[in-house]
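*Asks:* Any chance you could fold what I've pasted below:
(3 chains)
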Amino acid sequence: MPELPEVETVRRGIAPHLEGARIVRFEARRADLRTKLPSQLAARVTGRRVTAVRRRAKYLLIELAPRSPAGAEVMILHLGMSGRLIVRPIDATPPGKHEHIAFATDRGMEIRFSDPRRFGVLDLVALDALDADPRFAPLGPEPLSREFTPEFLVQTLAGSRTTIKAALLDQHRVAGIGNIYACEALFQAGISPRRLAGTVGQARATRLVAAIKDVLSRAIAAGGSSARDYVQSSGEAGWFQHSWAVYDREGRPCPGCDCGGSVKRVVQAGRSSFYCAARQR
DNA sequence: CGGTTGCCCTGGGGGC
DNA sequence: TGCCCCCAGGGCAACC
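*Replies:* The predicted structure is shown next:
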């Protein structure tokens, strides 16, 4: 489900419950997520204190205080396509069918990881090994960081013969954008998803960087406003409530202008792209 | 080497 | 109502 804004919303939702708390129980009902869970995971995290909950790209990073002989470590959690976290007071409610992992804190709260499609990932690595980890080392900059500028975008796209849409989904160029926000940002910037990435010059890059930052920021703000519901509920609450201009709106009139066009859908690299051919060039 | 394709899984929705 | 096909917000290995 989650792209950067959803993962950031989850981070903000769980951080107050986890930071400074101690993990008092950890159980995995099944270990076969997209990658197999590390062995002895429960024994390795039980009793550890959480020092920070961070995010990098679409990964949640739950940092654990050192405990001899282990140094500081970090639980790497990726929600995949269908993963979600549920925060709830500890009680006797049995786990749902897809609640594969649960852990409890010394503050009386329980975190459950639900993931029907099991594309999620949970791993545990040494904190000082994180930057060199093959999942993290190649990642591009955070799109909301000051590093992510029009000049950077022009440079990373220079000479590329893929489409701008595929380039935005390439986490090694810029990290955290998924299919929805790629579509939405390209619409807002007036750039066709079919444009070759190498033909994006300074003017388009300036519009695109601004659009990406705006779309992601607004989505985080929208998610943040309902994060409380998400935390209090059993997970079905509508924290994932965003309104999209073009995504999943094939055939609808192009919103926000009088171009007279309608939203088209094309498949690029196996993913649906939604755009207005009249407005986006 | 860079870029595209297939696959990992399950569930939901639309068409017939 | 039921069945079957298609589709899904991610990421990676295998392939050209």
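*Asks:* Could you pull up the residues touching the residue lying closest to A:Ala21 once chain neighbours are set aside?
*Replies:* The shortest distance from A:Ala21 to any non-neighbouring residue, by CB to CB, 6 or more residues apart in numbering, is to A:Thr105 (4.0 Å). All C-beta atoms are positioned from the backbone trio N, CA, C, and that covers glycine. Contacts for A:Thr105 (CB atoms under 8 Å, 6 or more residues apart in numbering) come out as A:17-18, A:21-24, A:50, A:111.
*Asks:* Including distance to DNA strand C and neighbour count, could the residues you listed go into TSV?
*Replies:* Shown next, in TSV, are the contacts of A:Thr105 (distance: CB to the nearest atom of the strand, whole Å; neighbours: other CB atoms under 10 Å):
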residue	distance to DNA strand C	neighbour count
A:His17	22	19
A:Leu18	21	23
A:Ala21	26	17
A:Arg22	29	16
A:Ile23	25	21
A:Val24	30	15
A:Val50	22	21
A:Ile111	20	21
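*Asks:* mind listing which of those are in helices?
*Replies:* Using DSSP state H, A:17-18 are the members of these that sit in helices.
*Asks:* Export the contacts of A:Thr105 as TSV, with columns for distance to DNA strand B and pLDDT.
*Replies:* Shown next, in TSV, are the contacts of A:Thr105 (distance: CB to the nearest atom of the strand, whole Å; pLDDT from 0 to 100):
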residue	distance to DNA strand B	pLDDT
A:His17	27	94
A:Leu18	27	96
A:Ala21	31	98
A:Arg22	33	98
A:Ile23	27	98
A:Val24	30	98
A:Val50	29	98
A:Ile111	21	94
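*Asks:* Export the contacts of A:Thr105 as a markdown table, with columns for distance to A:Tyr181.
*Replies:* Listed next are these as a markdown table, based on distance: CB to CB, whole Å:
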| residue | distance to A:Tyr181 |
| --- | --- |
| A:His17 | 27 |
| A:Leu18 | 26 |
| A:Ala21 | 31 |
| A:Arg22 | 36 |
| A:Ile23 | 32 |
| A:Val24 | 37 |
| A:Val50 | 29 |
| A:Ile111 | 26 |
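*Asks:* Are we agreed that A:Met75 is in a helix?
*Replies:* No - counting by DSSP: H, G, I helix; E, B strand; the rest coil, A:Met75 falls outside a helix, being strand.
*Asks:* I'd guessed it sits against A:Val121; true?
*Replies:* No - between A:Met75 and A:Val121 there is no contact under CB atoms under 8 Å: 10.5 Å.
*Asks:* Comparing the two, which residue is more hemmed in?
*Replies:* Remark: of A:Met75 and A:Val121, A:Met75 carries more neighbours, 23 against 19, as counted by other CB atoms under 10 Å.
*Asks:* State the distance from that one to A:Asp115.
*Replies:* Distance from A:Met75 to A:Asp115, counting by CB to CB, to the nearest Å: 15 Å.
*Asks:* again with A:Arg54
*Replies:* On the measure of CB to CB, A:Arg54 and A:Asp115 end up 21 Å apart.
*Asks:* which one of these two has more residues nearby?
*Replies:* A:Asp115 (25 against 14).
*Asks:* Spit out the contact partners of that one.
*Replies:* Residues near A:Asp115 by CB under 8 Å, 6+ apart: A:33, A:79-80, A:82-84, A:98, A:100.
*Asks:* Please tell me which one of these counts the most neighbours.
*Replies:* Result: A:Gly83 is most packed of these (other CB under 10 Å), 28 neighbours.
*Asks:* Over to it: give its phi and psi.
*Replies:* When read as degrees, to the nearest 10, the backbone of A:Gly83 gives phi -80, psi 150.
*Asks:* quick revisit: quick one, phi/psi of the residue nearest to A:Ala21?
*Replies:* phi -110, psi 170.
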